[in-house]
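can't give you the sequence, but here's the structure:
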């Protein structure tokens, strides 16, 4: 099987399993051309928060290759409200591989791994409505190789 076939099967399985997920209010993954994330490539995710009294978990979905040259990934996010006003920004680091053993985190097939990382736990949005989260890679290598896709998931906390 080719990597494309394996990826297509994984996407289909995730769609089928994801349709049963009652806590998710938003999820989108953006494929990166040639598995390279350019330094100036800002990924934008638009979502709607139905209830501002509810706590939400915001998570990153990272699909990466075992050939990824680092054990970690730094990203900077910008959270904007519906008017484009910046509510928050932060540089975040996450480990994709165990720094001691080199073992990849997440689930994988054929050297490609999917890993979900908690970015904003138990987050309370100031009001119900539309939001945008923009994310840029903040590594020293440009382009950053062996990142297949990067995504955002918003789900009800504690559900």
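That came through, no problem. These numbers come from a predicted model, not from an experiment.

Residue 99: how many residues sit nearby?
10 (other CB atoms under 10 Å). No exception for glycine: its C-beta is placed from N, CA and C like everyone else's.

list the helices and strands the longest strand along the chain packs on?
With secondary structure taken from DSSP state E, the chain has its longest strand at strand 112-123. Under the contact criterion of 3 or more CB pairs under 8 Å, 6 or more residues apart in numbering; DSSP states H and E, strand 112-123 touches helix 3-18, strand 56-65, strand 107-109.

can you tell me which of those the model trusts least?
If you rank those by mean pLDDT, helix 3-18 sits at the bottom with a mean of 52.

what's the spacing between whatever helix or strand comes next after it and its chain's center?
Following helix 3-18 in sequence order, the next helix or strand is strand 24-31 (DSSP states H and E). Distance of strand 24-31 from its chain centroid, counting by CA atoms, centre = their mean, to the nearest Å, is 8 Å.

Touching, residue 147 and residue 38? I think so.
No. At 10.5 Å, residue 147 does not count as touching residue 38 under the criterion of CB atoms under 8 Å.

Give the bridge partners for the spatially most central residue of the chain, please.
Geometric centre of the chain, nearest residue: residue 60, 2.5 Å, by CA atoms, centre = their mean. Assessed by DSSP bridges, residue 60 has beta-bridge partners residue 117, residue 152.

Just list the residues touching it, thanks.
75, 94, 116, 117, 119, 135, 150, 151, 152, 153 (CB atoms under 8 Å, 6 or more residues apart in numbering).

Kindly supply the ChimeraX command isolating those of those residues that are buried.
Remark: buried members of those, expressed as a ChimeraX selection using 16 or more other CB atoms under 10 Å:
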select :75,117,119,135,150,151,152,153
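
What is the nearest of the contacts of residue 60 to residue 141?
Residue 141 lies nearest to residue 75 out of those, by CB to CB, at 13.7 Å.

what about the closest one, helix or strand, and which?
Assigned by DSSP H and E, residue 75 falls in strand 72-81.
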